[in-house]
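Participant: can't give you the sequence, but here's the structure:
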Ligand SMILES: C[S@@+](CC[C@H](N)C(=O)[O-])C[C@H]1O[C@@H](n2cnc3c(N)ncnc32)[C@H](O)[C@@H]1O
């Protein structure tokens, strides 16, 4: 067996998808890690990755990137806030699996506080295998890109957005326990039925079918009978093998991707066996010890716009900011006069005019597939790689098998020297044509 095959096996044992872990897909990632560690051969690197969990983590990070931001998919937090406002059971408990640098669990905690729940009654458990990402979460300095999206008005007081950083109030952070671990293993000791909200977003896209199923079973078991499961935009309960049990709980909020059990009556509640004294295994435990009470922070600087924010995206990220936008009703129909004139300008070779009109439509909030395709093509033609890439990523988010967009993205990634990402796009494009 070759060294790359051995490394692929290690990654697949961590439930990563075989398309992302084939020798071709990991070749340049491994070269990069070899350069970083000063190791001269793939064989020696395979040995290191097998014996060092820290190095294995660095390798995994190249595939499952710790990419996240505050209030990602804002409408899901509207659903969550309504859920928390309805719920009288205390404490409220939420689980964030694959929390990356913490923006997701901090957003959950801020939502609970905004719903009027006392911080002592808010318990959020956040799990991720990436120690560097968790370290960033611990530090509270989430970085500029953590505030790339819209922050609801009701959450502004808990978030501080600075020109080069974003932070959440200490009281919000204090509601969150950050824990290093991987699903499903890290979920095994948790009490069944004990989480009112379970977030598992933008992890499934990296996982094998078997990995998603085994994690899905566990998530289902951990969710309270009346709890809500929150997924990413490319994800559905079916992806986790849970289609029959769940239905939308988005309450008219497009883009929330919230799911509740079809019936709660038939659902088993909790098991009586508790494996240890961990507070996640006993809802009746005393509330957490908290540091100082809430010190709301005021927002000082507006968030960066989605358009500027995508330029600094971690290169390996395949999910995009189209996430929030995909399900947003489009104010401009793809067949509107304005859109047709943009397309006509592009067809006639006047790319500048086409870009100008398409940008104007985009500024109205339109994120339709047709518009993003046009923007991708036009900016590509104008040589604006950053904007082209941003639009094309949104295209493949909404239409994951859009071969043309995938191939353009591969070329753009290749141009800036990210061979690994280019390869992943090519593989996806190949899948789309097979
Ligand atoms: C794209 S981030 C998702 C962040 C956040 N959930 C969101 O949607 O904004 C993917 C995260 O999955 C984590 N991850 C990878 N394998 C995992 C596993 N087996 N269990 C839990 N998290 C995992 C990575 O470390 C990375 O931080």
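Facilitator: Arrived safely, thanks for sending. No experiment lies behind these values; they were computed from the predicted model shown.
Participant: Going by C-alpha atoms from here, please, whenever you check contacts or count neighbours.
Facilitator: Noted.
Participant: those strands in the stretch 51-200 of the chain, which residues are they?
Facilitator: 92-97, 122-128, 159-162, 165-168, 176-180, 195-200 (DSSP state E, counting those that start in this stretch).
Participant: Tell me the strands beside the fifth one, with direction?
Facilitator: Looking at strand 176-180 with DSSP bridges, its partner strands are strand 122-128 (parallel).
Participant: quick one, the partner strand and strand 92-97 angle?
Facilitator: 10 degrees (axes from the mean of the first three to the mean of the last three CA atoms, to 10 degrees).
Participant: List the contacts of strand 122-128.
Facilitator: 91-100, 102, 105, 108-109, 112-113, 134, 175-182, 186, 288 (CA atoms under 8 Å, 6 or more residues apart in numbering).
Participant: ok, which of these also contact the ligand?
Facilitator: 97, 98, 99, 100, 182 (CA under 6 Å from any ligand atom).
Participant: Where does the prediction get shaky in the stretch 201-350 of the chain?
Facilitator: Filtered on pLDDT under 70, the stretch 201-350 of the chain yields the residue ranges 264-279, 281-335, 347-349.
Participant: and the stretch 151-300 of the chain, which of its residues are near the ligand?
Facilitator: So far as CA under 6 Å from any ligand atom goes, the stretch 151-300 of the chain lies against the ligand at 182, 183, 200, 201, 202, 203.
Participant: Relative to the ligand, how far out is residue 72?
Facilitator: Distance from residue 72 to the ligand, counting by CA to the nearest ligand atom, to the nearest Å: 6 Å.
Participant: Skipping its backbone neighbours, what lies nearest residue 231 in space?
Facilitator: residue 201 (4.6 Å; CA to CA, 6 or more residues apart in numbering).
Participant: What of residue 8?
Facilitator: residue 21 (5.0 Å).
Participant: Pretty sure the one you found sits against residue 12.
Facilitator: Yes - here residue 21 reaches residue 12: they are 6.9 Å apart, a contact under CA atoms under 8 Å.
Participant: Quick check on the two: which one has the bigger neighbour count.
Facilitator: Of the pair residue 21 and residue 12, residue 21 is the one with more neighbours under other CA atoms under 10 Å, namely 23 against 19.
Participant: So which residues make contact with stretch 102-112?
Facilitator: Applying CA under 8 Å, 6+ apart, the contact partners of stretch 102-112 are 68-72, 77, 80-81, 84, 94-96, 99, 122-126, 133-134, 136-137, 142, 146, 155, 158, 168, 172-173, 175-176, 178.
Participant: Narrow these to just the buried residues.
Facilitator: 68-72, 77, 80-81, 84, 94-96, 99, 122-126, 133-134, 137, 142, 146, 155, 158, 168, 172-173, 175-176, 178 (16 or more other CA atoms under 10 Å).
Participant: In this structure, which strand is the longest?
Facilitator: When the chain is parsed with DSSP state E, its longest strand is strand 223-231.
Participant: what number of residues lie near residue 129?
Facilitator: Neighbours around residue 129, by other CA under 10 Å: 21.
Participant: Ok, residue 89 next?
Facilitator: Other residues close to residue 89 by other CA under 10 Å number 10.
Participant: Find me the pLDDT at it, would you?
Facilitator: We have a pLDDT of 96 for residue 89.
Participant: From residue 121, how far out is it?
Facilitator: 10 Å (CA to CA, to the nearest Å).
Participant: Pull up the pairing partners for the next helix or strand after the longest strand of the chain, direction included.
Facilitator: Using DSSP states H and E, the next helix or strand after strand 223-231 towards the C-terminus is strand 246-248. The pairing partners recorded for strand 246-248 under DSSP bridges are strand 258-261 (antiparallel).
Participant: chain center to the strand it pairs with, what's the gap?
Facilitator: 18 Å (CA atoms, centre = their mean, to the nearest Å).
Participant: contact partners of it?
Facilitator: Applying CA under 8 Å, 6+ apart, the set of residues contacting strand 258-261 is 76, 79, 225-231, 237, 245-250.
Participant: Who's the closest spatial neighbour of residue 424, skipping the chain neighbours?
Facilitator: residue 25 (6.1 Å).
Participant: That neighbour and residue 423 touch, don't they?
Facilitator: Yes - if you go by CA under 8 Å, residue 25 and residue 423 touch, sitting 6.0 Å apart.
Participant: related to what we said a few turns ago, what distance do you get for the residue nearest to residue 8 to residue 336?
Facilitator: When residue 21 is compared with residue 336 (using CA to CA), they lie 43 Å apart.
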